[in-house]
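Asks: I would like to see how this sequence folds:
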Amino acid sequence: MSITAKELAKLLNLSEAAVSMALNHKPGVSTQTRKKVIEAAKEHDYDFSRIKETTVSTSPHGMIQFIIYKKNGAVVSDTPFFSQLSEGIDAGCKEACYYLNISYLYEEDDISSKVSEMVRLGCRGILLLGTEMAEEDFKPFLNLPVPVVVVDTCFENRSTDCVIIDNVQGAFFAANYLIRKRKKQPGYLKSSYPIKNFEQRSDGFYQAVRKNGMSVSNSKVYKLSPSMDGAYADMTAILKQGETPSDCYFADNDLIAAGAIKALKENGYRVPQDVAVIGFDNMPLCTFLDPPLTTIHVPKQYMGMMAAKRMAELIQTKSSYPVKIEISTTLVLRKST
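Replies: Numbering: from 1, shown residues only. Below you'll find the model as predicted:
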C-alpha cells in the first residue's frame, strides 16, 4: 500500500506543508530537504500520479513556468520572503486556471538551452524572479515566443513587463521616520552585495536625508553582508575596531538589521535607547527579535498574485504594451525605534 503525504511527513518528522512543497517542487524548503522527501516518497511507493491528476483537472489553460534565477544565492534563498511571493504566484495561477511549474536556474547554466526547452515542452509564459539579475543576464529571455513577466526587478533598457516593490518609497518612509523620531542624522546599514532593489532603497534613504536639510556625507554607512550571520560578523568587526555607531540606522533588509542589532547589544549598546534600527521586508523574524523590529512591510503574496494575473492577461490578449506594476509599501512600527 502506498504512503500518503501526511504519513510521509510523520515518518520524516517534517511539517505537512514542507512535504507538500517538496513533492510539488515549490520553493520554501532547502534542496537537501527536497531530496530527502523525494527519495523517501519513492522508497515507500508514494503515488506521484496524485500530483499530476490534481494539476490537470484544475489547470485547463496549461502551464506557466516560474523561474527562480540565482546568481550566487546571496539574496535569493529559501526565506519567508520568497516562499510567500511564490505562494502568491501559485494562488494567482490557480485562480486563472493555470498549472505552475517552478524551476531554478543558475548563472553557470546553459540558460538559453534550458529556456528553449521549457518553451518547447509547452509552457504558456515565463514568470522570472530577477532579484539577483543584472541587465546582461536577461538576454536569454529576449525575443521568446511566449510572454515574460519579470518579478522583483526591472531593466530600464529593456521593454518588458515587470512587477516590483516601490523600494524608493519604502526607504524614504523609514529614513524620514528615523529623522523625525530621533532628531539625529541617520546612518545606513548597506548591503555589501549589490542588487537593483538595494540601489533603489539607497536612493530613497538619501532623498529623505536631503529633504530634511541634512548633508548625505554626514550619514555613517557600513557595508554588511545581506544575511543575519554575515551582518552580525561584519558589524561585530566594525565595532571591535572602535567605531562609534550612529544614533539610528536604516538597514537594506531585515536580516541585516537583525544581525546588526545582535552585534550592537553584545557590544554594550541598548536598542533603541542608544541606537535605533529599521529594517525592510517585514519578515516573520521581526516579531521574534528583542526588541521587535520596526520595518517596511512588503505585501509579498499580493505581489506574486499580481505577477500571475498580468501573465494571464498577456497570454489571453496576445499583444499588449509592457507595463511596470509597482507595489506600495507601509511602515510597521515596533520597539526597535
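Asks: And the closest residue to Asp45 other than its chain neighbours, what's its pLDDT?
Replies: Among residues not flanking Asp45 along the chain, Ser2 sits closest, at 4.4 Å (C-beta to C-beta, 6 or more residues apart in numbering). The C-beta positions use only the backbone N, C-alpha and C, and glycine is treated the same way. pLDDT, Ser2: 76.
Asks: which residues of the stretch 151-300 of the chain fall in strands?
Replies: 161-165, 187-191, 221-224, 248-251, 276-278, 295-297 (DSSP state E, counting those that start in this stretch).
Asks: The first one packs against which elements?
Replies: With contacts defined as 3 or more C-beta pairs under 8 Å, 6 or more residues apart in numbering; DSSP states H and E, the packing partners of strand 161-165 are strand 148-151, helix 300-317, strand 324-327.
Asks: what's the closest of those to Cys97?
Replies: helix 300-317 (8.5 Å; C-beta to C-beta).
Asks: Identify the residues contacting that closest one?
Replies: The contact list for helix 300-317, computed with C-beta atoms under 8 Å, 6 or more residues apart in numbering, reads 61, 64, 81, 84-93, 95-96, 98, 100, 124-125, 127, 147, 149, 151-152, 161, 163, 165, 320, 323, 325, 327.
Asks: what do you get if the cut-off is 6 Å, keeping everything else the same?
Replies: Helix 300-317 is contacted by residues 64, 81, 84-85, 87-89, 91-93, 96, 124-125, 127, 147, 149, 151, 161, 163, 320, 325, 327 when judged by C-beta atoms under 6 Å, 6 or more residues apart in numbering.
Asks: re the thing from before, return the most buried member of the strands of the stretch 151-300 of the chain.
Replies: Per-stretch averages of neighbours, counted by mean count of other C-beta atoms under 10 Å, single out strand 248-251 among those, with a mean of 30.
Asks: Neighbouring strands of that one in the sheet, and parallel or not?
Replies: Paired neighbours of strand 248-251 in the sheet (DSSP bridges): strand 187-191 (parallel), strand 276-278 (parallel).
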